[in-house]
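In: Need the 3D shape of this:
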Amino acid sequence: MRPLERRCVGFADADAKVAKNHAEKGRLALTAVAERALSLHVVQVQRISVCLLSVCRGVTNDKDITTLARRSSSTAAFVDAADAVVAQAIGAASTISMASCARKLAAQPVFAVVSGLAGKSWAPVHAFCERSAVPCLFPNVEAPPAGADRDFYSLYFSRGVLLEADLIAKAMLEGEGAPRRVLQVYRAGDSGEAGALALSALLRQHGVAVSSHALGQGAPAASVAQAMRRTTGEAAIVLWLRAPELATLAAEPPARAAVYVSGLLGGLERATLPPQWRGRTRIAYPVDLPERRRVRVDYALGWFTIRHIPIVAEQVQADTYLACGLLSETLQHMIDNFVPEYLIERIEDTVEHRVVTGYYPRLTLGTGQRYASKGGYVVHFSEPRGTHLIADHEWVVP
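Out: Residues are numbered from 1 along each chain as shown. The predicted model follows:
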C-alpha cells in the first residue's frame, strides 16, 4: 500500500430522492461547495488532492458509479479523480460490498472521507470506515447510526431525526397532560422511519400507547390526507414527513390533537404546513434559531455568492462548507503527522473553540461523543403565514 500520499478523498453518496428534488444542477452545486472549498485549502496546505464521488441509490455494480467531480480550470491541478473507496447503495436497503471496498482501498489509499450525502442509511459507509480505520468526517445524514458514540473514526454534526425523537418525547412527557395515545405517520424507507422507531421506544417506556401508519414507498403525497382521516381520538400526532407531503394535509387538523412535525424532514422554518395547522403544530428543531445563526451562516453564504455557487439546499451546503473548513484548519496544525487517529483527536480537541459553527450554536466532541451538536428546540410558527418561529423553551439537550 502506498503511503497516504497526503490524500484526502471525499465522496457524496447521493440518494435518488435528493437528486430528484434538487436536480442535476443542485447536485453539482453541492459538489462544487466541497470541491472548491477543499481545492482552495489545497493551495494553502500544498499536499492534498480531492476526489468527490457520488453513488446513487439503485447502483448495482461498480461500473454504474457516477463521478460528479467536475474539474474546472481553477481546480484541475488539485482534483484527483482516481477511483476511491466507494459504496454501493442498492434499492431501499443500502448495502456495501466490503470486499470490493477493501480492494479499492488497497489500490488507492485514502486519508479520510469528507462530508457526503446519504439517504435513509449511512450505516454501510460508517461500518466500512470503522473497520478500515478511515476517518469519516461530518456526512450530511438525517438518520446517523444510533450507536456511533461507541465507535471512533466517524464524526457527525447531529443525531438528526434521532435527536428530534428525543426532543418530541421530552416535550410530550414533561408538558401539561402527557398523551396516552400517539399516532405516527411516516413514509416507509425514508429517514423518518428511524425517527418514528426511536420515538415509539421512548414513549412506550412511559406507558404511552403508540400506533404507526407507514405510507408506501411509491404512494402519492396525497395519501397523507387519507392516513389522517383514519385518526381515532389520538391525543397527539407526529408527522415524519417531507415538505411536499405536509402540503397535502387537510384544511383542518384533527380536533383536540397536539401535532408534532420533524423539522429536518419538513424544511425547518420553511415547512409547508397549511395555515390552519401552523397554530397547532410544534416542530422539532435540532439547529439554532434563524435569527441566532444568521451571522454564522452568512460566512458560508457569502462564500457561495462570490464563487457563483447556487443555494439549492442551504443547510446541506453550509454543513459541507463547515466540514471542509474544520478539516482544513486541523490539517494545518498537524504539520507532517498525517495519522488518522491524530486527525480525529485534533478535531476533538479544537472543534469546541470554533466561533463560526454554521447552523449549530456550539460543537463539542470527545471520548464517547461522536455527535458534535447535542441539543435543539421545540418551536411553533408565530403567524398563519411566514417563517417567523417562537421557541417553546431555550436550547435543551434531551
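
In: Let me know the secondary structure of Glu234.
Out: What DSSP: H, G, I helix; E, B strand; the rest coil gives for Glu234 is coil.

In: Quick check: it touching Leu183?
Out: Yes: counting by Cβ atoms under 8 Å, Glu234 does reach Leu183; the two are 4.3 Å apart. To be clear about C-beta, it is placed using only N, CA and C from the backbone, and glycine gets the same treatment.

In: Of these two, give the one with the bigger neighbour count.
Out: It is Leu183, of Glu234 and Leu183, that has more neighbours when counted by other Cβ atoms under 10 Å, with 24 against 20.

In: Now the element after the strand or helix carrying that one, going C-ward?
Out: Per DSSP states H and E: Leu183 is located in strand 181-187. Using DSSP H and E, the next helix or strand after strand 181-187 towards the C-terminus is helix 192-204.

In: Show me what that following helix is packed up against.
Out: Applying 3 or more Cβ pairs under 8 Å, 6 or more residues apart in numbering; DSSP states H and E, we find helix 192-204 packed against helix 161-174, strand 181-187, strand 209-215, strand 236-240.

In: which of these sits most buried?
Out: Most buried of these by mean neighbour count (mean count of other Cβ atoms under 10 Å) is strand 236-240; its value is a mean of 28.

In: From the contact counts, what lies against that strand?
Out: Packed against strand 236-240 by the contact rule (3+ Cβ pairs under 8 Å, 6+ apart) you find helix 161-174, strand 181-187, helix 192-204, strand 258-262.

In: ok so, going back, I'd like the helices and strands packed on helix 192-204 as JSON lines, with distance to Arg292 appended.
Out: Shown next, in JSON lines, are the helices and strands packed on helix 192-204 (distance: least, Cβ to Cβ, whole Å):
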{"stretch": "helix 161-174", "distance to Arg292": "17"}
{"stretch": "strand 181-187", "distance to Arg292": "29"}
{"stretch": "strand 209-215", "distance to Arg292": "33"}
{"stretch": "strand 236-240", "distance to Arg292": "25"}
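
In: ok, now which ones touch the nearest residue in space to Ala323 that is not next to it in sequence?
Out: Closest residue to Ala323 apart from its sequence neighbours, by Cβ to Cβ, 6 or more residues apart in numbering: Phe138 at 3.9 Å. By Cβ atoms under 8 Å, 6 or more residues apart in numbering, the contact set of Phe138 is Val114, Ser115, Leu155, Tyr156, Phe157, Asp319, Leu322, Ala323, Leu326, Ala372.

In: Narrow the residues you listed to those in helices?
Out: Taking DSSP state H as the definition of helices, these contribute Asp319, Leu322, Ala323, Leu326.

In: To Leu105, which of the helices and strands packed on strand 236-240 lies closest?
Out: Checking the helices and strands packed on strand 236-240 against Leu105 by Cβ to Cβ gives helix 192-204 as the closest, at 27.8 Å.

In: Would you indicate which residues of that closest one are buried?
Out: Gly192, Glu193, Ala194, Gly195, Ala196, Leu197, Ala198, Leu199, Ser200, Leu202, Leu203 (16 or more other Cβ atoms under 10 Å).

In: from those residues, which is closest to Pro340?
Out: Ala194 (27.9 Å).

In: related to what we said a few turns ago, including mean pLDDT and distance to Ala102, could the helices and strands packed on strand 236-240 go into TSV?
Out: Below are the helices and strands packed on strand 236-240 laid out as TSV (pLDDT from 0 to 100; distance: least, Cβ to Cβ, whole Å):
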stretch	mean pLDDT	distance to Ala102
helix 161-174	97	29
strand 181-187	95	34
helix 192-204	97	27
strand 258-262	96	36
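
In: possible to save the ones you listed as JSON lines with distance to Tyr377?
Out: Formatted as JSON lines, those follow (distance: least, Cβ to Cβ, whole Å):
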{"stretch": "helix 161-174", "distance to Tyr377": "7"}
{"stretch": "strand 181-187", "distance to Tyr377": "20"}
{"stretch": "helix 192-204", "distance to Tyr377": "16"}
{"stretch": "strand 258-262", "distance to Tyr377": "13"}
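
In: Quick check: which of the ones you listed is nearest to Ala107?
Out: The closest of those to Ala107 is helix 192-204. By Cβ to Cβ, the value is 33.7 Å.

In: Give me the contacts around that closest one.
Out: Residues from elsewhere that reach helix 192-204 (Cβ under 8 Å, 6+ apart): 120, 143, 146, 160-162, 164-166, 168-169, 172-173, 182, 184, 186-187, 210, 212, 214, 238, 240-241, 262, 265.

In: what touches both of Glu234 and Leu183?
Out: Common neighbours of Glu234 and Leu183 (Cβ under 8 Å, 6+ apart) are Ser211.

In: where does the stretch 51-200 of the chain dip in pLDDT?
Out: Along the stretch 51-200 of the chain, the parts satisfying pLDDT under 70 run over 51-98, 119.

In: if you set the cut-off to 50 instead, what comes out?
Out: Where the stretch 51-200 of the chain drops to pLDDT under 50, the residues are 51-95.

In: Gly267 reaches Leu241, doesn't it?
Out: No: assessed by Cβ under 8 Å, Gly267 is found out of contact with Leu241, at 10.3 Å.

In: rewinding a little: same list, the buried residues of helix 192-204, but as a markdown table with distance to Gln315 please.
Out: Listed next are the buried residues of helix 192-204 as a markdown table, based on distance: Cβ to Cβ, whole Å:
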| residue | distance to Gln315 |
| --- | --- |
| Gly192 | 17 |
| Glu193 | 21 |
| Ala194 | 18 |
| Gly195 | 17 |
| Ala196 | 22 |
| Leu197 | 24 |
| Ala198 | 21 |
| Leu199 | 22 |
| Ser200 | 26 |
| Leu202 | 25 |
| Leu203 | 28 |
